[in-house]
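Asker: take a look and give me a structure for this.
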Amino acid sequence: MITNFFIPELNNHDVQELWFQQVGATCHTARATIDLLKDTFGDRLISRFGPVNWPPRSCDLTPLDYFLWGYVKSLVYVDKPQTLDHLEDNIRRAIADIRPQMLEKIIENWTSRLDYIQACRGSPMPEIIFKM
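Answerer: The predicted structure follows:
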C-alpha cells in the first residue's frame, strides 16, 4: 500500500513540510517500512524506530486516536452500510466533510495536552479535558 498507493499519491503534493505519524504495530515498523518512510519524510517521521520516537498506544497524545477515528467512525456507520461500496462512499464523505477549523481545534487541544503532560512530567492525567 505504501509503495503502490501512498508514495505515488504524495508525488502530487509538496511533502517538504509534511510530517508522517504512525502507530507502533509491528508491520508498520519493519525495517523496510521505516527505511521507505525515512526516504520520503526524512526526520519528519514520528514512529517507533523512526527519527522521532512516539509513545506507542498513547491515546492521550495522538489526535487521530483520541478524537478523529471515533468521529469519522460515528459518521461512517450512522446509516449501517450493507455493501463495501456504501461503506467506501461513507468513508470518503466523512473524510471530505472534515473542515480546516475542526482540525485547528484538534491541534489546539493536542498542544494543550502536550503542555499538560510536560507540566505533570508524564504522570497520569485523570482530569484531562476533551474540548471541541
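Asker: identify the residues contacting the helix or strand bottoming out on mean pLDDT in the chain?
Answerer: Counting by mean pLDDT, DSSP states H and E, the chain has its least confident helix or strand at helix 63, which shows a mean of 72. With CB atoms under 8 Å, 6 or more residues apart in numbering as the contact definition, helix 63 has outside contacts at 106-107, 109-110. Glycine gets a C-beta too; all of them are placed from N, C-alpha and C.
Asker: so how far is that helix off the chain centroid?
Answerer: 6 Å (CA atoms, centre = their mean, to the nearest Å).
Asker: quick check: the farthest pair among the contacts of helix 63?
Answerer: I107 and N109 (7.3 Å; CB to CB).
Asker: more neighbours: which of the two?
Answerer: Neighbours were counted for I107 and for N109 using other CB atoms under 10 Å; N109 has more, 18 against 11.
Asker: fine by me, we can end here.
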